[in-house]
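Undergrad: this is the structure alone, sequence omitted:
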């Protein structure tokens, strides 16, 4: 599920000063060693009707531990089964096809949750991820609020950015087989391809010559904001992501020019 949460990194480019030929255009690969993907919190609670409710501040949905598929976002479902007294197995699907298989287990003291998952990429490859979370509050068992302390999403993904015109951006994920194309003028534009979610859009705007802000929405609601900064030498992009209302839980992805 971590890979699904991270989804695609979208980029836009700004016109550079005449004496500076650095730009966002090119091929970029995630540098997972320099990235900081932990720090986000997720809360699972039991509702009065017996359903369980999970929310990370951007995505929330209800489910039961019965192995049935429950909608997470349009086109994506999750099924949860009990695999032990304090462990769950999960299966996520996109358009009915298995996309992620995970396992969550609780430590003996009840304060640490470990997870492993296998993500089936659109390019036909698989990658194995893992994570560790610490309990912030709540319970019992796997219920409560948890904060990521370690996130391993598997392999580094590659993004290709092109600039057909000064205000026109094309971005595509090689491994994700998903792309975005539009103008960097704040307009909401949907992605296309294997990881595109129905009802989701992205909009980019230029903050300054080397900074682009990206706003992701689902059915018109802002679910995430990313601010991409190009280094002075044009060799690195630092993308800082946060959920509105949870600015204290920012994550950072570093990409290196190939």
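TA: It's in. Bear in mind the structure is a predicted one, so any value in this text is a computation, not a measurement.
Undergrad: and the end-to-end length of stretch 238-257?
TA: As for stretch 238-257, its first-to-last residue distance stands at 11 Å under the measure C-alpha to C-alpha, to the nearest Å.
Undergrad: quick check: buried residues in it?
TA: Applying a neighbour-count criterion of 16 or more other C-beta atoms under 10 Å, one finds 238-239, 241-243, 249-255, 257 buried in stretch 238-257. Where you see a C-beta, it was placed from the backbone N, CA and C, and this is true even at glycine.
Undergrad: mind showing which ranges of the protein have poor pLDDT?
TA: Counting by pLDDT under 70, the chain has low-confidence residues at 1-22.
Undergrad: any chance you could map the helices in it?
TA: For the chain, applying DSSP state H gives helices covering 2-6.
Undergrad: quick check: residue 190 vs residue 181, distance?
TA: In this structure, residue 190 and residue 181 are separated by 10 Å, where distance is defined by C-beta to C-beta, to the nearest Å.
Undergrad: now the strands for the stretch 151-258 of the chain?
TA: Under the criterion DSSP state E, counting those that start in this stretch, strands of the stretch 151-258 of the chain are mapped to 158-165, 168-173, 178-183, 192-193, 200-208, 211-218, 221-230, 236-243, 246-257.
Undergrad: which one of the ones you listed lies nearest to residue 145?
TA: Ranking the strands of the stretch 151-258 of the chain by their distance to residue 145 (criterion: C-beta to C-beta) puts strand 246-257 first, at 11.7 Å.
Undergrad: tell me what that closest one is packed against?
TA: If you count contacts as 3 or more C-beta pairs under 8 Å, 6 or more residues apart in numbering; DSSP states H and E, strand 246-257 packs onto strand 26-36, strand 236-243.
Undergrad: helices or strands up against the longest one?
TA: Other elements packing on strand 26-36 under the criterion 3+ C-beta pairs under 8 Å, 6+ apart are strand 158-165, strand 246-257.
Undergrad: report the beta-bridge partner residues of the closest residue to residue 131 other than its chain neighbours.
TA: With C-beta to C-beta, 6 or more residues apart in numbering as the measure, residue 115 is the residue that lies nearest to residue 131, at 4.6 Å, once sequence neighbours are left out. Under the criterion DSSP bridges, residue 115 forms beta bridges with residue 104, residue 131.
Undergrad: just checking, residue 115 touches residue 130?
TA: Yes. With contacts counted by C-beta atoms under 8 Å, residue 115 reaches residue 130, the gap being 6.4 Å.
Undergrad: if we can go back for a sec, residues contacting the residue nearest to residue 131?
TA: 102-105, 130-133 (C-beta atoms under 8 Å, 6 or more residues apart in numbering).
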